[in-house]
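> Sequence plus predicted model, see below.
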Amino acid sequence: MSEPEPTITPYRDGPLVVRGGFRLVDQEGNEIEAGRDTVALCRCGRSRIRPFCDGSHQIVRFRAPSAREDGRADP
Amino acid sequence: MTFQLSFVTEEAALMQELPPPRGEMSAALLAAQRNEAGGLGPIDVPDPADALADEDLQLALYCCYELHYRGLPGVDERWEWSPSLLELRSLLEERFEHALNEAVAAPNSDGDVDWSEIDIALRSIADDDEAPSLSQHLDRDGTLEQLCEFLIHRSAYQLKEADPHSWALPRLSGRPKAALVEIQADEYGGGRPERMHARLFADAMDAFGLDSHYGSYIERLPAVTLATVNLMSLFGLHRRRRGAIVGHLALFEMTSSVPNRRYANAARRLGPDDPRATEFFEEHVEADAVHESVAAVDLAGGLARDEPGLTADILFGARAVVALDGLWSAALLDAWDKGDTALLSTQEVAGVVT
């Protein structure tokens, strides 16, 4: 059975959730073991288990939309 | 060898002994359950002053619910659907739900939240939680004894982790159902029994020298702890509360990663040099970081979109976690502050009955 096409979903104020068939590799091309089918990648930069999310976005009250940002600076 | 292993697991997965009763209701129930399923006989169910803290009521309810999970040792399995037992259960639930409504005090505006903003509403419920933080205490100042006590309290749920929320599966369809399956598959180890979260918890208990048999500490668990598990069984077993069980899971997952990182720190600092001592907590940091988004947006938001009339119940489930877990963590921290334990002593259990 072929794996489904990968999708990446930025969740509001939270991580990037990756589903489907994907490979996670570091810049040398070494596999980063995900250990599960669906993974959450850090988007706030504060995780202590990067590239994975550890919920730290809640502590720093990270805010980001799910859809594309409009590019204008914060008021 | 494989056969031997699975046999051992099976034994550990069943409750070994019935807990002693804590009052007239649980005494009458537990006595009747020693007989073949049939008529329960009249059991008086008085209005307790505080159903959430009532030892007799919470234990009786727990024993009614446990028939739907692994069963009770030596108890005829047909009691599960005995009309007289279900009648008693519904009276206990009536008192429990009444007390919950009072403790939660949900605002009327909960029903007006749009499905697309359920995640924001859930986050704000989590952020408004003012209960003292058990995880912060254990991380910074906790003792080994306190960490073990924490594991004992949590064992009531964690040894059947995810099961109460699985009751919701046949009641959902489409997007929220797919979301719940995605979360539960992970909870159940993605097809690997040794990675099941309940198994990882039992491993952690073993690493700390605790008894990881299912239900082994029930007799020591106070009402405030049993109530946190009865809450999930109530929401999970009643289709009419499918919103609440979904909201319960969402809030639970949204407030899990960060505390589990602290518990992992505490286990590393205080526990044995054994990877099993920290694995359960470390696994939850990463797993629940995935689950929180899926549970809040796809599961809770998806259900609110499919059935907008359930929005208030979804948020009620979330508020109920905050309320009951808050009472529970306050009870533990209060006891520890006095150099005491929140676990019942065997004498206390006997004392309640007389």
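Everything's here; your move.
> what does stretch B:140-151 contact?
B:134, B:137-138, B:201, B:204-205, B:208, B:210, B:263, B:266-267, B:270-271, B:332, B:336, B:341-343 (C-beta atoms under 8 Å, 6 or more residues apart in numbering or on different chains). In short, each C-beta sits where N, CA and C put it, glycine included.
> Pull out the buried residues from that stretch.
B:142, B:146-151 (16 or more other C-beta atoms under 10 Å in any protein chain shown).
> got those residues as TSV, with pLDDT columns?
Putting the buried residues of stretch B:140-151 into TSV (pLDDT from 0 to 100) gives the following:
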residue	pLDDT
B:G142	97
B:Q146	97
B:L147	98
B:C148	97
B:E149	98
B:F150	98
B:L151	98
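> residue ranges with poor pLDDT in chain A?
For chain A, applying pLDDT under 70 flags the ranges A:1-2, A:73-75.
> Quick check: pLDDT value at the residue nearest to B:M232 when sequence neighbours are not counted.
Using C-beta to C-beta, 6 or more residues apart in numbering or on different chains and skipping the chain neighbours, the partner closest in space to B:M232 is B:P164 (3.6 Å). At B:P164, the model reports a pLDDT of 98.
> what helices or strands is the one helix or strand B:P164 maps to leaning on?
Assigned by DSSP states H and E, B:P164 falls within helix B:163-166. Applying 3 or more C-beta pairs under 8 Å, 6 or more residues apart in numbering or on different chains; DSSP states H and E, one finds that helix B:163-166 makes contact with helix B:174-187, helix B:223-237, helix B:242-254.
> is it possible to export these to CSV including mean neighbour count?
Below are these laid out as CSV (neighbours: other C-beta atoms under 10 Å in any protein chain shown):
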stretch, mean neighbour count
helix B:174-187, 19
helix B:223-237, 25
helix B:242-254, 28
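> The helix holding B:P164: how far from the chain's middle?
Computed by C-alpha atoms, centre = their mean, to the nearest Å, the chain-centroid distance of helix B:163-166 equals 10 Å.
> Close to chain B: what parts of chain A are there?
A:11-15, A:17, A:35-40, A:48-49, A:52-56, A:58-59 (C-beta under 8 Å from any C-beta of the partner chain).
> correct me, but A:P65 touches A:G14?
No. Using C-beta atoms under 8 Å, A:P65 is not in contact with A:G14; the gap is 11.0 Å.
> residues near the single nearest residue of chain A relative to chain B, how many?
Closest approach between chain A and chain B, counting by C-beta to the nearest C-beta: A:G55, at 2.7 Å. With neighbours defined by other C-beta atoms under 10 Å in any protein chain shown, the count for A:G55 comes to 29.
> The residue of the stretch 1-150 of chain B found nearest chain A: helix or strand, and which one exactly?
Residue nearest to chain A within the stretch 1-150 of chain B (C-beta to the nearest C-beta): B:D119, separated by 6.1 Å. Per DSSP H and E, B:D119 falls inside helix B:118-127.
> Pull out the buried positions in that helix.
B:118-119, B:121-123, B:125-126.
> Stretch B:94-113 too?
Applying 16+ other C-beta under 10 Å to stretch B:94-113 flags B:95-96, B:99-100, B:103-104, B:106, B:110, B:113 as buried.
> got those residues as CSV, with secondary structure, pLDDT and distance to A:E3 columns?
Below are the buried residues of stretch B:94-113 laid out as CSV (DSSP: H, G, I helix; E, B strand; the rest coil; pLDDT from 0 to 100; distance: C-beta to C-beta, whole Å):
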residue, secondary structure, pLDDT, distance to A:E3
B:R95, helix, 98, 50
B:F96, helix, 98, 45
B:A99, helix, 98, 49
B:L100, helix, 98, 44
B:A103, helix, 96, 46
B:V104, helix, 96, 43
B:A106, coil, 94, 42
B:D110, helix, 96, 40
B:V113, coil, 97, 36
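> Take these and write them to a markdown table, including distance to B:L57.
Formatted as a markdown table, those follow (distance: C-beta to C-beta, whole Å):
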| residue | distance to B:L57 |
| --- | --- |
| B:R95 | 6 |
| B:F96 | 7 |
| B:A99 | 9 |
| B:L100 | 13 |
| B:A103 | 14 |
| B:V104 | 18 |
| B:A106 | 22 |
| B:D110 | 27 |
| B:V113 | 32 |
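> Could you work out the most separated pair of those residues?
B:R95 and B:V113 (28.9 Å; C-beta to C-beta).
> Can you name the residue of chain B nearest chain A?
B:S257 (2.7 Å).
> Surely that residue is in contact with B:F281?
No. The criterion here is C-beta under 8 Å, and B:S257 misses it with B:F281 at 10.2 Å.
> re earlier: more neighbours: which of A:P65 and A:G14?
A:G14 (28 against 10).
> can you tell me how far the more buried one sits from A:D54?
12 Å (C-beta to C-beta, to the nearest Å).
> do B:D119 as well
B:D119 is 19 Å from A:D54, by C-beta to C-beta.
> swap in B:E182?
When B:E182 is compared with A:D54 (using C-beta to C-beta), they lie 19 Å apart.
> sorry, back to before: ok, so what distance separates the residue of the stretch 1-150 of chain B closest to chain A from A:G71?
Taken as C-beta to C-beta, the span from B:D119 to A:G71 is 24 Å.
> before we move on, what about B:A37?
In terms of C-beta to C-beta, B:A37 sits 67 Å off from A:G71.
> next one: B:G301
For B:G301 relative to A:G71 (C-beta to C-beta), the value is 26 Å.
> so how far is stretch B:248-267 off the chain centroid?
14 Å.
> ends of that stretch, how far apart?
26 Å (C-alpha to C-alpha, to the nearest Å).
> surely B:R241 meets B:M232?
No. Taking contacts as C-beta under 8 Å, B:R241 lies outside contact range of B:M232: 10.2 Å.
> relative orientation of the helix or strand encompassing B:E87 and helix B:242-254 in degrees?
In the assignment (DSSP H and E), B:E87 maps to helix B:83-104. Calculated by axes from the mean of the first three to the mean of the last three C-alpha atoms, to 10 degrees, helix B:83-104 forms an angle of 60 degrees with helix B:242-254.
> packing partners for helix B:83-104?
helix B:24-32, helix B:55-66, helix B:223-237, helix B:311-337.
> got the CA coordinates for it in CSV?
What follows is helix B:83-104, C-alpha atoms only, in CSV (Å, rounded to 0.1, in the frame of the first residue of the first chain):
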residue,chain,number,x,y,z
PRO,B,83,-31.6,-2.9,35.3
SER,B,84,-31.5,-2.5,39.0
LEU,B,85,-27.8,-1.7,39.0
LEU,B,86,-28.3,0.8,36.2
GLU,B,87,-31.1,2.4,38.2
LEU,B,88,-28.8,2.9,41.1
ARG,B,89,-26.1,4.2,38.8
SER,B,90,-28.4,6.8,37.3
LEU,B,91,-29.3,8.0,40.8
LEU,B,92,-25.6,8.4,41.7
GLU,B,93,-25.0,10.1,38.4
GLU,B,94,-27.8,12.5,39.0
ARG,B,95,-26.1,13.7,42.2
PHE,B,96,-22.7,13.8,40.5
GLU,B,97,-24.0,15.8,37.5
HIS,B,98,-25.8,18.2,39.8
ALA,B,99,-22.6,18.8,41.8
LEU,B,100,-20.6,19.2,38.5
ASN,B,101,-23.0,21.8,37.2
GLU,B,102,-22.4,23.8,40.4
ALA,B,103,-18.7,23.4,40.4
VAL,B,104,-18.2,24.3,36.7
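> Nice, that's everything, thank you.
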